[in-house]
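Novice: For reference, the sequence and a predicted model appear below.
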Amino acid sequence: MPRDSLGHLTPGIVAPLRRVPAHIPRPEYVGNREPAAFTGSDVYDANGIDRIRESGRIAAEAIALVGASIRAGMTTDDLDGIGHSYLIANDAYPSTLGYRGYPKSLCSSINEVICHGIPDDTVLISGDIINIDITAYKNGMHGDSNRTFMVGEVRPEVAELVTRTEESLRRGIKAVAPGREINVIGRAIESYAKRFGYGVVRDFTGHGVGSAFHSGLIVPHYDTDRFPNVMTAGMVFTIEPMLTLGTHEWDIWEDGWTVVTRDRGTTAQFEHTLVVTERGAEVLTVI
Ligand code: MF3
Ligand code: CO
Ligand code: CO
């Protein structure tokens, strides 16, 4: 039975591991079951920020290249190959490859997949939306970003969800300033999403990023009084809102990674890595 774009995705077949040339340095967790506990800071000096900016630029370029390649008829593993090749050609390691056993160089999350979809032999069809999430590791730093792309003709309701999810990220970034609590970000995102009746995913969050892929710092995308940490200049983290047409509740596939909406309704996401500046924020995952 051919697939449609209405919440009937099933797991495909995952191809063998791709190789990374030996001269490209690996993050410490590769080959281990989980990352070492991170004891460093979320605040970086100018040199650290420069290095995260370079990793972030490579990640952003890889996402743009993959996005420009997307066509109905391609598999998500084809997209993984394009992203993987770009990263290694730029002497960057694909941070997801071997992270807690994750087997691929990017995450490809279609329609009802909230996040962490694994590239496989699933074929893209017109009407799909697909999020491409790439993290590049270079010079000891990770830069993490994602965007949602449309495949062919997408239902207007779904196209609106995509553009509004990107706008919610923009509003979250605008709320960033030194001296403010980190929870202002989620307040900005949720108040915008609520206008349209969208669900806001709560259990997957933004995070500190830089010398660690996930530092332990949590950046919620919903309105909460928890997480009152104060932002300071030089602090680096992601904002990566996931908005849904229906419920924000989720299930996870047997693969232990693929997170889907419980009602199998469509969901979109956008992500940037940014640094808190004296005046606001600078996005580090730009071309
Ligand atoms: N890049 C994702 C994030 O935004 C994390 C992916 S971890 C993986 O945090 F193992 F699923 F790839
Ligand atoms: Co992230
Ligand atoms: Co990401």
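Specialist: Nice, I can see it. Ligands and ions are numbered 1, 2, ... in the order given.
Novice: confidence score at the residue of the stretch 151-287 of the chain found nearest ligand 3?
Specialist: Closest residue of the stretch 151-287 of the chain to ligand 3, Cβ to the ion: Glu271 (4.9 Å). Just so you know, the C-beta spots here come from the backbone N, C-alpha and C atoms, and that holds for glycine as well. Note on Glu271: pLDDT of 99.
Novice: Please apply the same query to Leu9.
Specialist: Value listed for Leu9 in the pLDDT field: 98.
Novice: surely it meets Ser109?
Specialist: No: counting by Cβ atoms under 8 Å, Leu9 stays clear of Ser109, with 9.7 Å between them.
Novice: So for those two, which sits in the more crowded spot?
Specialist: Ser109 (28 against 21; other Cβ atoms under 10 Å).
Novice: Once you drop chain neighbours, what's closest to that one?
Specialist: Distances taken as Cβ to Cβ, 6 or more residues apart in numbering put Gly117 closest to Ser109, at 3.8 Å, once the chain neighbours are dropped.
Novice: again with Tyr102
Specialist: Sequence neighbours aside, Thr96 is the residue nearest to Tyr102 in space, at 5.0 Å (criterion: Cβ to Cβ, 6+ apart).
Novice: any idea how far the one you found is from ligand 2?
Specialist: Per Cβ to the ion, to the nearest Å, Thr96 is found 10 Å from ligand 2.
Novice: okay, now that residue: neighbour count?
Specialist: Neighbours of Thr96 under the rule other Cβ under 10 Å: 24.
Novice: three-state assignment of it?
Specialist: With DSSP: H, G, I helix; E, B strand; the rest coil as the basis, Thr96 sits in coil.
Novice: where does it land on pLDDT?
Specialist: Reading off the model, Thr96 has pLDDT 99.
Novice: that older thread, give me the phi and psi angles of the residue nearest to Ser109.
Specialist: Main-chain dihedrals, Gly117, degrees, to the nearest 10: phi -60, psi 140.
Novice: Next, give phi and psi for the spatially closest residue to Asp225 that is not a sequence neighbour.
Specialist: Of all residues not flanking Asp225 in the chain, Asn183 sits nearest, at 6.7 Å (Cβ to Cβ, 6+ apart). Phi and psi for Asn183, reported as degrees, to the nearest 10, are phi -70, psi -10.
Novice: Perfect, I'm done here.
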